[in-house]
Structures are given as structure tokens and as C-alpha cells.
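[1] Dropping the sequence and predicted coords here.
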Amino acid sequence: MDIPPFSITEWRTFLRDYSSKFLDSSSLLRMIEKNGAGTFVRSHVQREGWIGYEPASADAVVAAEERLGTRLPPTYRNFLMASNGFGYVDHVDLLNVDEIGWLPERDPDFVEIWSCDLDDGNRQMLERSLLIAKDDGGPGVCWLLYPDDAAEDGDWAAYEWFTGDGSSPDDDRYDNFGALLLHAARRLDAD
């Protein structure tokens, strides 16, 4: 797939394909097995053919939007309605609709620690970004959506930030969440 998924149906197809490729990726499964979860993941994915979750309900998405004080960008909103979070995407787990939040509220210590050496633009980005994915003790990766960098169609730019490698939050920018996830899926293909 060369075009990022957008609709709920496209997301379901994309995520099912990703799940299948994930099962065939021995390097990712070896990494997960080192953390003790490989047997469970392998049996679950083989049985279900899916490493995602049940879709978020429209009511759950609206409740999150009310909590956040904004409408979610359409590509990401449709993703949540295809799978309410998603496990094992590259270095991160995608959070469910109840876990996403503004980065300073979700992890104020993280913002304080990492914003010290950032320029004003990147510091503002951290203070206004929506945290949608994070690693679970891995290399310090988080995925952010930034509403101040929005396209005419309502989609927000997506950022993948490897905090531990000295990069800036804006080093890995994607036009939207779908483009970021498509990039991560291509890395899976390359493994």
C-alpha cells in the first residue's frame, strides 16, 4: 500500500495486513519474546489474525473529544473506530481512546525533562501535542499529533520522536497519522 489508509474500512484492511506481516516478522517476535510476551502474542495473532483491539464506539470517541476540548483529526478518528489502540507497531503501542491525552497532562515530568534543551518552537510543540503512542520501556519513542500543524482537510501533522537519540520532536514529521503508520509498516516490511 502506497497511500495511507483513511476510511474505517481502509484502516481495517491495513491493520489486518499489518497483523499478518507482524506474525511473519521473526525479528519483532524475538524482541517481544525477550520481554516474555512472545508466546502469548504469537498464539493470539495466529488465532485471531489481529493484534489490534475492538473498535472504539462513536460515543467513546466523542467523549474523548469532549475531554480533550477538540475534534480529533479525521484519519486518526477513523483509525480509532477501526481499532481502539493497537499493539506492537514498530517501537510503540498505540493508546486507546481513553488513554490518549495532551502530553503535558499525560506526562508532565516527561515534558519538563525533555523541553529543557529545546528551542521555543519544539517546546511549544510538546506543550500542545496529543500523545497517541509510546513505547513500553524501549528506546524512548513517542508518537504525537500536533493540532497547530493542521492541513485544510483537518488532519494534524504526526511526529515520531526518539527521545533518547538527541533528536528534536520535529525531526520526523508526517503529514498525518496514516502517513506515520504507513512508514512504520514499511519498516516492518524491511525487517
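    Happy to help now that I have it.
[2] In this structure, where's the longest helix?
    Looking across the chain with DSSP state H, the single longest helix is helix 8-24.
[3] Who are the packing partners of that one?
    Using 3 or more Cβ pairs under 8 Å, 6 or more residues apart in numbering; DSSP states H and E, the elements in contact with helix 8-24 are helix 26-34, helix 38-48, helix 74-82, strand 86-89, helix 177-190. From N, CA and C alone the C-beta is placed, and that goes for glycine too.
[4] the inter-axis angle of that helix versus helix 177-190?
    Here helix 8-24 runs at an angle of 20 degrees relative to helix 177-190 (axes from the mean of the first three to the mean of the last three Cα atoms, to 10 degrees).
[5] Output helix 8-24 in CSV, but only the C-alpha positions, please.
    Taking C-alpha atoms only, helix 8-24 is exported to CSV below (Å, rounded to 0.1, in the frame of the first residue of the first chain):
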residue,chain,number,x,y,z
ILE,A,8,-12.6,2.9,8.6
THR,A,9,-12.7,0.1,6.0
GLU,A,10,-9.3,1.0,4.7
TRP,A,11,-7.9,1.0,8.2
ARG,A,12,-9.4,-2.4,9.0
THR,A,13,-7.7,-3.8,5.8
PHE,A,14,-4.4,-2.1,6.5
LEU,A,15,-4.3,-3.3,10.2
ARG,A,16,-5.3,-6.8,9.3
ASP,A,17,-2.4,-6.9,6.7
TYR,A,18,0.0,-5.4,9.3
SER,A,19,-1.0,-8.1,11.8
SER,A,20,-0.3,-10.8,9.3
LYS,A,21,3.1,-9.3,8.4
PHE,A,22,3.9,-8.9,12.1
LEU,A,23,3.4,-12.6,12.7
ASP,A,24,5.8,-13.3,9.9
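[6] For that helix, what is the distance to the chain centroid?
    Per Cα atoms, centre = their mean, to the nearest Å, the displacement of helix 8-24 from the mean C-alpha position of its chain is 15 Å.
[7] quick one: buried residues of that helix?
    The neighbour-count check on helix 8-24 (16 or more other Cβ atoms under 10 Å) flags 8, 10-12, 14-16, 18-19, 22-23 as buried.
[8] Could you identify which of the helices and strands packed on helix 8-24 has the lowest mean pLDDT?
    Out of those, helix 38-48 stands lowest, with a mean of 54 (criterion: mean pLDDT).
[9] returning to what we had before: specify the angle between the longest helix of the chain and helix 74-82 in degrees.
    70 degrees.
[10] Identify the residues contacting F79.
    Going by Cβ atoms under 8 Å, 6 or more residues apart in numbering, F79 touches 5, 11, 94, 177-178, 181.
[11] again, 6 Å this time
    Listed by Cβ atoms under 6 Å, 6 or more residues apart in numbering, the contact partners of F79 are W11.
[12] and if you look at A157?
    By Cβ under 6 Å, 6+ apart, A157 lies in contact with 146, 149, 173.
[13] try V92
    133-135, 141, 143.
[14] out of those residues, which is most surrounded?
    If you count neighbours using other Cβ atoms under 10 Å, the busiest of those is W143, which has 28 neighbours.
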